[in-house]
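> coords please:
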Amino acid sequence: MAIRAVLWDIDDTLFDYTSADRAGMQRHLAAEGMAVPGETVDQALARWREITDAQWLRFAAGETDFLGQRRDRVRAFVGTGLSDGTGLSDAEADAWFDRYIAHYETAWSLFPDSLAALDLLAADYRQAVLSNSSIINQDRKLRVLGVRDHFEAVLCAAELGVSKPDAAAFHAACDALALEPGEVAYVGNEPDIDAGGATAAGLTGVWLDRGRLGGRPELVRITDLGQLPAVLRGDTRFGAPSAIG
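Presented below is the predicted three-dimensional model:
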């Protein structure tokens, strides 16, 4: 079955989330002060990312909602050890996160190969987004980055009520495109959540391994978006020159 559409992850696939998150948190800590006395910036950043990953797993498992995971990220990072022992209120956690977001957004950028890939694929493939985030966050992000018009649909876990790697999330995106799973490729940076989940759901899952971690021979793997057109054509000779990049 020929691939007719490309379904995209956003964060750390098209959008350099890790770099923006790091830069934003560095600026935020400089303005707010360190949450833990004696903790270095690198240690604080590592702790923030660990907390973020843990709270996203809770959200994906349905243990909390989108706003709840965001508040709990803040509480875990700065709310422990407060003198009154009560932690942060919802309003305090929201205000802290909003101040962080202001710094984070100043560092937003696409990866260098993202726009060229979206432009090139537009001639032959329909395109949409499936993200484990919320439409409020991701629709605005895509508009600020100037690429929202490339996508027919933007679907997010917070609104769907189901998140990757659950097959229902991928099938909801296929339904939005009125295509069978076998007609859709999913591209993302997470081998299990993205490529593995998509493959299990009947799509063509593509792992974008920008860090060149390697391994996972059972997955279709590319290391930059310049290799994607060949994959979509069924050509696995990824070393061939591409019009992207």
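> where in this structure is pLDDT low?
Within the chain, the ranges that satisfy pLDDT under 70 run 79-86, 235-245.
> and the biggest helix by length in it, what other elements does it pack with?
Taking DSSP state H as the criterion, the chain has its longest helix at helix 41-60. For helix 41-60, the elements it packs on are helix 17-32, helix 66-74, judged by 3 or more C-beta pairs under 8 Å, 6 or more residues apart in numbering; DSSP states H and E. C-beta coordinates here come from the backbone N, C-alpha and C atoms, glycine included.
> Quick one: closest of those to Glu159.
Of all the helices and strands packed on helix 41-60, it is helix 66-74 that lies closest to Glu159, at 9.0 Å by C-beta to C-beta.
> what angle do the closest one and helix 41-60 make?
In terms of direction (axes from the mean of the first three to the mean of the last three C-alpha atoms, to 10 degrees), helix 66-74 departs from helix 41-60 by 150 degrees.
> next one: helix 66-74 to chain centre, how far?
Centroid separation between helix 66-74 and its chain, computed with C-alpha atoms, centre = their mean, to the nearest Å, is 17 Å.
> Pull out the buried positions in the helix or strand following that helix.
Using DSSP states H and E, the helix or strand that follows helix 66-74 in sequence is helix 90-105. For helix 90-105, the neighbour count (16 or more other C-beta atoms under 10 Å) marks Ala93, Trp96, Phe97, Tyr100, His103, Tyr104 as buried.
> one step back: now do the longest helix of the chain against helix 17-32: the angle between them, please.
120 degrees.
> the domain parsing of the chain - what is it?
5-16+109-232, 17-105 (automatic domain parsing).
> That concludes my questions; thank you for your assistance.
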